[in-house]
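**Q** Need a 3D model of the sequence below.
(one chain, ligands or ions: 1)
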Amino acid sequence: MEQTVVILKPDCVVRWLIWNVIQRYESLGLRLIASSMENLTEDLLKEHYAHLADKPFFPKIVSYMTSAPVMVQLWEWENAVAAVRKANWATNPAEATPWTVRWDYALTIDNNIVHASENLEDARAEKERFFSWISVVQYT
Ligand code: ADP
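**A** Residues are numbered from 1 along each chain as shown. Take a look at the predicted model:
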């Protein structure tokens with residue numbers, strides 16, 4: 001059983017799209033096992049987006065990701081990492097496929113609604129980063 005971390009980004013929260021995105025993952029059979037509203041900090045974003053910290057658009061990411069609360073979520077099921085990445089599709093919504101989260105709801109590459117762990121190693125690190133103080137449940 002895999003676990004994957006999702007962040008519903010500020011545009012998802014302020015545009016009342018939380019339910020729509022949750023519905024996509026639930027319809028794939030994934031199980032939500034932890035969730036919390038959080039205000040992200042610049043320090044945490046530097047760690048989370050370390051692979052982008054030297055990009056010219058990094059300050060834009062920080063200002064966007066701190067512009068409103070986010071909802072961090074932990075989802076579980078077989079192939080959860082790939083299933084959620086597929087449901088979200090491309091980083092740039094202009095390159096997304098119809099009936100995917102980013103095609104349906106995201107506006108631009110820097111307002112793209114969701115984050116999801118890229119692979120199992122990232123999923124484990126992100127679980128540690130975001131869920132060490134949040135309770136995680138188990139059910140069948
Ligand atoms: P993903 O979120 O699809 O895993 P990345 O890890 O490459 O993609 O990028 C993280 C986030 O940084 C993206 O979701 C997007 O919000 C932002 N980003 C990536 N590339 C750009 C870019 N060229 N211009 C602006 N923002 C970007």
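
**Q** In contact with the nearest residue to residue 138 once chain neighbours are set aside, which residues?
**A** Distances taken as C-beta to C-beta, 6 or more residues apart in numbering place residue 33 nearest to residue 138, at 6.9 Å, with adjacent residues excluded. Using the backbone N, CA and C atoms, a C-beta is placed for each residue, glycine as well. Residue 33 makes contacts with 3, 74-76, 136-139, as judged by C-beta atoms under 8 Å, 6 or more residues apart in numbering.

**Q** and the gap between residue 33 and the ligand?
**A** 21 Å (C-beta to the nearest ligand atom, to the nearest Å).

**Q** so how far is the helix or strand hosting that residue from its chain's centroid?
**A** Using DSSP states H and E, the element containing residue 33 is strand 31-38. The chain centroid and the centroid of strand 31-38 are separated by 11 Å, computed with C-alpha atoms, centre = their mean, to the nearest Å.

**Q** With stretch 28-41 instead?
**A** Computed by C-alpha atoms, centre = their mean, the chain-centroid distance of stretch 28-41 equals 8 Å.

**Q** How far does that stretch stretch from one end to the other?
**A** Counting by C-alpha to C-alpha, to the nearest Å, you get 31 Å between the two ends of stretch 28-41.

**Q** can you check stretch 44-54 too?
**A** 15 Å.
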